[in-house]
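# Got a predicted model here, sequence first, then my questions.
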Amino acid sequence: MNTDLLERIPGVGEHRFDAEGVAVVAPAGVDELATFVRWARAERIPLWPRSSTSLRRSVRPDGPGLVVDMSGLKEIIRVDRRNRVTLVQAGVTFEELAPALEREGLRAVMPLCPRRGKSVLATHIEREATIMPAFQWDLSDPLLCLELVYGSGDQFRTGSAAGPGNLDQQWASGEMQKGPMGPGHADWMRIVQGAQGTIGIATWASVKAEVLPRIETVHVGASDTLTPLVECAYRLLRKNAVDICFIVDANAFVDLVGTTEGSRAEAARRTQPWNLVMSVSGLDYLPERRHAVYSRMLRDEARAAGVRLVDPPLGSGETLLALLRRSSEEPYWKERRRGASRQVFFQTTLEAAGAFCASFAVHAAGAGIDTDRIGTYIQPQLGGRVAHVELIVACEPGTDEVAETGRFADAVAVPLTAEGAFFSRPYGAWAEPAFEAAASSVDILERAKTIFDPARILAPGRLGLKGNPDGYAF
Ligand SMILES: Cc1cc2nc3c(=O)[nH]c(=O)nc-3n(C[C@H](O)[C@H](O)[C@H](O)COP(=O)(O)OP(=O)(O)OC[C@H]3O[C@@H](n4cnc5c(N)ncnc54)[C@H](O)[C@@H]3O)c2cc1C
């Protein structure tokens with residue numbers, strides 16, 4: 001590491017070394033960040049944006065360079081119930097945002113029990129699947145506008161936040177940063193979303209929030225096979241009757257609800273092979289009536305689809321609802337089975353999910369992975385038009401199982417892509433098969449990279465993008 005360079009970092013005060021021995025800088029705001037990125041551009045220093053913190057996970061960057069740690073930016077800048085929107089700085093986590101929104105009569109749009117320390121902004125910039133498909137109108141939801149610094153060092157605001165005026169002036173004129181498109185005719189936010197930190201570094205985001213129901217009940221539909229649950233989900237999503245809606249197999253359900261050995265054993269005894277978790281709500285207008293109508297619809301459609309309504313495997317409907325509105329307790333639910341896990345996730349349609357799960361089990365068996373190590377989580381998105389399918393493969397930390405599971409998870413994207421799985425978030429080794437299947441996108445992405453990050457300093461190598469032809473100074 002070139003420590004002389006570190007002594008010359010402008011604008012961001014001291015650098016520090018984290019527990020992994022990685023050099024970290026923590027800009028305090030957008031101006032400081034822009035000065036720093038311009039310097040890194042001139043010096044050709046790779047930057048690795050990070051906004052989450054992690055108690056247990058290693059978050060080493062993929063290569064040499066400086067980590068740009070945005071997790072200290074903790075302000076919830078605005079919560080606006082009338083416009084159902086919140087503006088959060090990069091380091092705000094779900095455990096901070098969810099209660100703040102509830103105080104204002106709103107609920108956060110969340111992934112399924114995110115890990116503690118996970119940044120709201122990073123979650124939505126990465127397009128992690130969220131649990132309320134009825135409120136998702138576009139795959140970019142709930143992310144709206146961003147303030148960011150491109151790899152060029154230029155500051156920018158996307159969507160209706162672009163202006164005119166600063167935030168105070170915009171609020172005074174009734175502009176609440178709810179329009180994700182623009183400025184002009186381009187959709188700038190989408191170039192940054194899903195880019196894995198390769199295009200720009202965001203300081204804040206405006207994010208949709210939903211009305212906190214006056215009444216909400218959770219229901220579990222169970223079945224021995226997946227097909228009836230898919231049918232039930234389609235029927236209810238088509239009628240917009242359910243808010244929370246996702247499917248888990250027995251392993252994933254036990255991991256989600258059980259934190260101790262005793263509670264996991266009890267949940268394992270009671271849980272069904274496949275489970276559709278749904279909630280029905282009453283909002284501001286005629287809440288009891290809305291809740292009653294949709295509850296009846298839920299019962300009718302479940303019966304018609306051949307789904308049994310059962311109790312949650314642990315606790316009550318109320319405790320399950322409380323769990324789904326919060327970040328995961330420790331340990332993180334995807335790591336409860338054996339202490340660690342690798343997740344394989346992709347998009348498909350709901351009715352095709354079962355075939356992919358079966359095929360995944362065959363690939364896993366070929367790699368010596370038993371079904372008791374695999375949890376399945378299927379998340380309808382966009383009102384049921386798309387499904388996020390996630391296979392969670394448990395492994396034991398400190399054993400060869402971790403590397404073996406990693407190799408399997410990297411490699412399995414090749415046959416799954418060939419079978420039609422869409423790796424819409426192609427992390428690490430998944431980029432190769434994903435972009436082979438979408439070859440026409442590569443040139444467009446390379447051109448975008450050249451425009452927004454001309455020295456190619458942001459997260460070099462991710463998404464298979466080329467690095468700086470002259471190399472780096474680190
Ligand atoms: C197989 C595999 C699976 C992965 N799965 C995931 C995954 O499910 N979710 C995920 O987020 N990453 C995933 N990654 C990428 C990478 O491992 C993680 O991003 C990294 O470990 C950091 O973890 P984090 O969640 O603490 O980072 P976070 O700080 O939460 O960052 C998550 C992502 O957002 C980007 N980012 C963070 N802050 C900003 C910001 N202010 N502006 C712009 N971009 C920003 C980061 O560069 C990173 O790509 C995966 C990688 C591999 C190889």
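All right, it came through fine.

# Can you check the distance spanned by stretch 145-164, start to finish?
Using CA to CA, to the nearest Å, one end of stretch 145-164 lies 14 Å from the other.

# So which bits of that stretch are buried?
For stretch 145-164, the buried set under the neighbour-count rule, 16 or more other CB atoms under 10 Å, comprises 145-153, 155-162. No exception for glycine: its C-beta is placed from N, CA and C like everyone else's.

# and if you look at stretch 410-419?
For stretch 410-419, a neighbour-count test (16+ other CB under 10 Å) marks 410, 412-413, 416-417 as buried.

# Kindly report the same for stretch 254-267.
Those would be 254-259, 264, 266-267, for stretch 254-267 by 16+ other CB under 10 Å.

# just to revisit the earlier point, could the buried residues of stretch 410-419 go into TSV alongside distance to residue 65?
Output for the buried residues of stretch 410-419, formatted as TSV (distance: CB to CB, whole Å):
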residue	distance to residue 65
410	22
412	29
413	26
416	31
417	29
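
# between those, which is nearest the ligand?
Set against the ligand, the nearest of those by CB to the nearest ligand atom is residue 410 (6.8 Å).

# quick one: secondary structure of the spatially most central residue of the chain?
Nearest to the mean C-alpha position of the chain, by CA atoms, centre = their mean, lies residue 128 at 2.2 Å. Assigned state for residue 128: coil (three-state reduction, DSSP: H, G, I helix; E, B strand; the rest coil).

# what's the neighbour count on the residue of the stretch 101-250 of the chain found nearest the ligand?
Nearest residue of the stretch 101-250 of the chain to the ligand (CB to the nearest ligand atom) works out as residue 197 at 2.6 Å. Neighbourhood size, residue 197 [other CB atoms under 10 Å]: 24.

# Please report how far it lies from residue 23.
16 Å (CB to CB, to the nearest Å).

# now the helices: where do they sit in the stretch 251-400 of the chain?
For the stretch 251-400 of the chain, the helices defined by DSSP state H, counting those that start in this stretch occupy 261-270, 287-305, 317-324, 353-366, 400-411.

# who wins for proximity to residue 229 among those helices?
helix 287-305 (7.6 Å; CB to CB).

# For that closest one, which outside residues touch it?
With CB atoms under 8 Å, 6 or more residues apart in numbering as the test, helix 287-305 has contacts from 213-217, 219, 221, 228-229, 231-232, 235-236, 239, 241-242, 278, 280-283, 308-309.

# buried sites along that helix?
Result for helix 287-305 [16+ other CB under 10 Å]: buried residues 290-291, 294-295, 297-298, 301-302, 305.

# again, but for stretch 456-469
For stretch 456-469, by 16+ other CB under 10 Å, it's 456-460, 462-465, 468.

# Check stretch 351-368 too.
For stretch 351-368, by 16+ other CB under 10 Å, it's 353-354, 356-357, 359-361, 363-364.

# need these in JSON lines with distance to the ligand, can you?
Output for these, formatted as JSON lines (distance: CB to the nearest ligand atom, whole Å):
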{"residue": "353", "distance to the ligand": "18"}
{"residue": "354", "distance to the ligand": "23"}
{"residue": "356", "distance to the ligand": "17"}
{"residue": "357", "distance to the ligand": "19"}
{"residue": "359", "distance to the ligand": "19"}
{"residue": "360", "distance to the ligand": "15"}
{"residue": "361", "distance to the ligand": "19"}
{"residue": "363", "distance to the ligand": "15"}
{"residue": "364", "distance to the ligand": "16"}
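
# and the closest residue to the ligand within the stretch 301-450 of the chain, how far is that from residue 196?
Closest contact between the stretch 301-450 of the chain and the ligand, by CB to the nearest ligand atom, is at residue 428 (2.7 Å). Going from residue 428 to residue 196 by CB to CB gives 10 Å.

# Show me what the strand or helix carrying residue 222 is packed against.
Assigned by DSSP states H and E, residue 222 belongs to strand 215-223. Applying 3 or more CB pairs under 8 Å, 6 or more residues apart in numbering; DSSP states H and E, we find strand 215-223 packed against helix 227-238, strand 274-282, helix 287-305, strand 308-310, helix 317-324.

# any idea how far the longest one is from the chain center?
Pointing back at helix 287-305 there. 30 Å (CA atoms, centre = their mean, to the nearest Å).

# Give me the average confidence score over it.
Model confidence over helix 287-305, given as mean pLDDT, is 98.

# mind checking the SS state of the closest residue in space to residue 352 that isn't next to it in sequence?
Distances taken as CB to CB, 6 or more residues apart in numbering place residue 420 nearest to residue 352, at 7.3 Å, with adjacent residues excluded. The three-state assignment at residue 420 reads coil, by three-state DSSP.

# Can you name the residues of the stretch 151-300 of the chain that neighbour the ligand?
196-197, 201-202 (CB under 6 Å from any ligand atom).

# Identify each buried residue in stretch 378-395, please.
378-384, 386-395.

# Dump the C-alpha coordinates for stretch 453-463 into PDB.
The C-alpha trace of stretch 453-463 is given here as PDB (Å, rounded to 0.1, in the frame of the first residue of the first chain):
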ATOM      1  CA  ASP A 453     -16.300   7.400 -14.000                       C
ATOM      2  CA  PRO A 454     -13.600   8.300 -16.700                       C
ATOM      3  CA  ALA A 455     -10.600   7.100 -14.600                       C
ATOM      4  CA  ARG A 456     -12.500   3.900 -13.700                       C
ATOM      5  CA  ILE A 457     -11.800   4.300 -10.000                       C
ATOM      6  CA  LEU A 458     -15.100   3.200  -8.600                       C
ATOM      7  CA  ALA A 459     -15.200  -0.500  -7.500                       C
ATOM      8  CA  PRO A 460     -13.100  -1.600 -10.500                       C
ATOM      9  CA  GLY A 461     -13.800  -5.100 -11.900                       C
ATOM     10  CA  ARG A 462     -17.400  -5.300 -10.600                       C
ATOM     11  CA  LEU A 463     -20.000  -6.300 -13.300                       C
END
